[in-house]
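Novice: What shape does this take:
(chains A and B, ligands or ions: 2)
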Amino acid sequence: MMSRARLAIAITAIGALACAGLPLILAGEPYLMRLVTMFSLLLVLAASWNIVGGFTGYPSFATGAFFGLGAYVAAILQAKGVDWRLALAAAGLAGGVLAAPVGYGVLRLRGHYFAVASLMLGTILKELTTGWSDLTGGGMGLTIAGAGGDPEVLASFALRISLALAVLTVLLGAAIKWSRLGFGLDCIRMNETAAAGIGVDAQKLKTYAFILSSIPAAVAGAVYAGWIGYIDPTDVYDVMWSVKPIVAVLLGGVGTILGPVVGAAIFVALEEIVWRNVLSFSAGGLGVLIVLLLLILPAGVLPSFVSRKARS
Amino acid sequence: MTTALLDARNISRRFGGLKAIDDVSFQLNEGEIVGLIGSNGAGKTTLVNLVTGHLKPSQGEISFRGQKITGRKPHELASRGLMRTFQIVQPFNALTGLDNVAAAAMFAGHSRSLSSAREQADAALSNLGISHCRDHLPIRMTLAERKRLELARAWVAKPRLLFLDEVNAGLNTGEIEGVLGMIRKIAAEGVAIVIIEHLMKVVKGLCPQLIVLHRGQLLASGPTDEIARNPSVIEAYLGTRGAAAMLGDKS
Ligand SMILES: Nc1ncnc2c1ncn2[C@@H]1O[C@H](COP(=O)(O)OP(=O)(O)OP(=O)(O)O)[C@@H](O)[C@H]1O
Ligand SMILES: [Mg+2]
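Specialist: Numbers count the residues shown, from 1 in each chain, chains lettered A, B, ... in the order given. Ligands and ions are numbered 1, 2, ... in the order given. Modelled structure (predicted):
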């Protein structure tokens, strides 16, 4: 078993190497750059979903809502001339500020009820965004100011930012899992009644987890908006932004620190293979593949691999 | 006048048309050991749930250490020293024996760090004779071990008042003896304990005071020998398994 400190150092070191090296290695390879950026953004969403869905055991479908919110906050601010760094920070802040009351309310529900309620958040935000067209451009969408320079520079920039965000989110997951908060979330997931009986303030800790998970998701939306250059409500509030991270974590290993990394990589790889090799892309084909994988490895790739190694 | 450790006044709880607890009042003092008895469905567990915040009373007031606690959440009461064990054991299934207990030390017992929580947990496991369960998951433990685990969890929380809901149910005579020894150890630290128990022998051996519930109502309370002679208590028990235990008292 790798010690916590070593794992944290390894994640940081490999992450820093990737952030510094990959943009150079992949320079002049727009396809691969796009792929790694997509992977990184999916990893951010997966690692952030893991905090609520994995550590806490609440199957949230709200990831896409925070992603979309972050995209719009950043796009609107940048249109008003705000610096991109501030716009990213504001997106994260907006995510956290929205997550506090929503989490406090919705996390009282359990199981399917929670899942459905969390799914509603994205639907509501999408309607509000479409309706408030003075600010958001409504269904016409928004073009992000500052985009439209050299596409190669932009691609390299987006790659670096999304990689860095992914590393930070994985580290955030590790920090939570190893903290007092993570210990409390463990208890809540396993037995909420018993957790309350030993003094765990479940409502508070669950809300903290929800807030901490929403921030990276919102920043990911902001990065995505800057990268793509144009957003509209059907794109950034697409329910797939909520579903893909869940599938990725299920593939990699729910509630583990590196599960989201492994799962996001498998997911992006599968998606690309299906895209390239099936002439008419069918989401159904991808779905069947994923279901098969989950049947073979119900705990996800990482735990299955680790426990097999431990047994032999 | 000294204030009681726990003061429950006229508490009631309905489930639909059923009055599970009907206008019950009682007081508990610091360091006291009290038996809470009554036949199946009398309302014992419901009473514990009401006092420890797992259920809200439909009526009535409860104070703990002089402060109103009616409607407070279980986690808050647990960290203020009001603990309970569950009739059906409620372990954290993916945590080791040690961490099951360390969690209680951390959250209810106000440990500063995980390592100090684990130290306390280690001590509690060894005091309760289940050090060998340190690294086991609850699923690998016997029922008796899981009951002791529950006791260890309650203990490291450093409660002032502890409700034990049938900690002996399902255990054999030897195991019960062991658990009783543990309860005495906890009581020796000045913790007030309320024991819900069907075995009269256990109750008589451990509790100087009794509270008797019958169909949600307080039937009697007072010193154990008096209660055992109380005709209405004996009558209420007739035809139940409590009657056999009580009337057929072989000692
Ligand atoms: N959550 C609930 N909803 C509805 N009815 C309940 C609930 N909890 C308890 N009851 C009912 O309230 C009554 C008292 O139940 P309680 O569990 O308190 O009894 P008890 O004295 O602990 O019994 P036992 O000795 O079997 O543990 C029973 O009739 C029970 O069916
Ligand atoms: Mg009961």
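
Novice: and the residue of the stretch 101-250 of chain B found nearest chain A, how many residues sit next to it?
Specialist: Going by CB to the nearest CB, chain A is nearest to residue B:108 of the stretch 101-250 of chain B, at 3.1 Å. From N, CA and C alone the C-beta is placed, and that goes for glycine too. Residues lying near residue B:108 (other CB atoms under 10 Å in any protein chain shown) number 26.

Novice: Quick check: the gap between it and ligand 1.
Specialist: Using CB to the nearest ligand atom, to the nearest Å, we find residue B:108 at a distance of 23 Å from ligand 1.

Novice: Now do the contacts for that residue.
Specialist: Residue B:108 makes contacts with A:198, A:199, B:75, B:78, B:79, B:83, B:156, B:157, B:158, B:159, as judged by CB atoms under 8 Å, 6 or more residues apart in numbering or on different chains.

Novice: ok, so of those residues, who is nearest residue B:100?
Specialist: Of all those, residue B:100 sits closest to residue A:198, with 9.0 Å by CB to CB.

Novice: Tell me which of the contacts of residue B:108 fall in strands.
Specialist: Applying DSSP state E to these, the entries found in strands are residue B:83.

Novice: How far off centre is stretch B:195-207?
Specialist: 12 Å (CA atoms, centre = their mean, to the nearest Å).

Novice: what does stretch A:119-127 give?
Specialist: That offset, for stretch A:119-127, works out to 17 Å (CA atoms, centre = their mean).

Novice: which residues are in contact with it?
Specialist: With CB under 8 Å, 6+ apart as the criterion, stretch A:119-127 contacts A:61-62, A:64-65, A:68-69, A:102, A:106, A:233-234, A:237, A:239, A:242.

Novice: Please spell out which residues along that stretch are buried.
Specialist: Neighbour counts over stretch A:119-127 (16 or more other CB atoms under 10 Å in any protein chain shown) mark A:119, A:121, A:122, A:125, A:126 as buried.

Novice: Among those, which lie within helices?
Specialist: A:119, A:121, A:122, A:125, A:126 (DSSP state H).

Novice: Alongside chain A, which residues does the stretch 51-200 of chain B contribute?
Specialist: B:52, B:54, B:73-76, B:78-79, B:83-84, B:86, B:90-95, B:99, B:103-104, B:106-109, B:114, B:153, B:157 (CB under 8 Å from any CB of the partner chain).

Novice: Recalculate using a threshold of 7 Å.
Specialist: B:73-75, B:78-79, B:84, B:90, B:92-95, B:103-104, B:106-108, B:114, B:153, B:157 (CB under 7 Å from any CB of the partner chain).

Novice: Among those residues, name the ones in helices.
Specialist: B:74, B:75, B:78, B:79, B:103, B:104, B:106, B:107, B:114, B:153.

Novice: For the third one, give its distance to residue A:50.
Specialist: When distances are taken as CB to CB, to the nearest Å, residue B:78 and residue A:50 turn out to be 28 Å apart.

Novice: The two: who's more crowded?
Specialist: Each of residue B:78 and residue A:50 has its neighbours counted (other CB under 10 Å); residue A:50 has more, 30 against 27.

Novice: Pick out the residue of the stretch 201-312 of chain A closest to ligand 2.
Specialist: Per CB to the ion, residue A:202 is where the stretch 201-312 of chain A lies closest to ligand 2, at 23.4 Å.

Novice: distance of that residue from chain B?
Specialist: 7 Å (CB to the nearest CB, to the nearest Å).

Novice: Please name the nearest non-neighbouring residue to that residue.
Specialist: Of all residues not flanking residue A:202 in the chain, residue A:188 sits nearest, at 5.0 Å (CB to CB, 6 or more residues apart in numbering or on different chains).

Novice: need the contact list for residue 43.
Specialist: I went with chain A, as the question did not name one. A:166, A:260, A:261, A:264 (CB atoms under 7 Å, 6 or more residues apart in numbering or on different chains).

Novice: that answer is for a different chain, and I need it for chain B
Specialist: B:20, B:21, B:213, B:216.

Novice: do residue B:38 as well
Specialist: B:44, B:212, B:213, B:214.

Novice: hang on, the earlier thing: just curious, which of the contacts of residue B:43 is nearest to ligand 1?
Specialist: residue B:20 (3.5 Å; CB to the nearest ligand atom).

Novice: What ranges does the stretch 151-251 of chain B have for its strands?
Specialist: Ranges of strands in the stretch 151-251 of chain B, per DSSP state E, counting those that start in this stretch, are B:161-165, B:192-196, B:209-214, B:217-223.

Novice: Please read the previous query as pertaining to the stretch 1-150 of chain B.
Specialist: B:6-15, B:18-28, B:33-37, B:59-64, B:67-68, B:82-84.

Novice: and what of the stretch 201-312 of chain A?
Specialist: Using DSSP E, counting those that start in this stretch, strands in the stretch 201-312 of chain A cover A:230-231.

Novice: pLDDT weak spots in the stretch 1-150 of chain A?
Specialist: A:1-2, A:145-148 (pLDDT under 70).

Novice: can you give me the helices for it?
Specialist: A:4-25, A:30-49, A:63-79, A:84-106, A:111-131, A:133-136 (DSSP state H, counting those that start in this stretch).

Novice: which stretch among those comes nearest ligand 1?
Specialist: helix A:111-131 (18.4 Å).

Novice: and the direction of that closest one versus that of helix A:84-106, what angle?
Specialist: Counting by axes from the mean of the first three to the mean of the last three CA atoms, to 10 degrees, helix A:111-131 lies at 140 degrees to helix A:84-106.

Novice: shouldn't residue B:97 be in contact with residue B:140?
Specialist: No: with contact defined as CB atoms under 7 Å, residue B:97 does not reach residue B:140; the gap is 9.1 Å.
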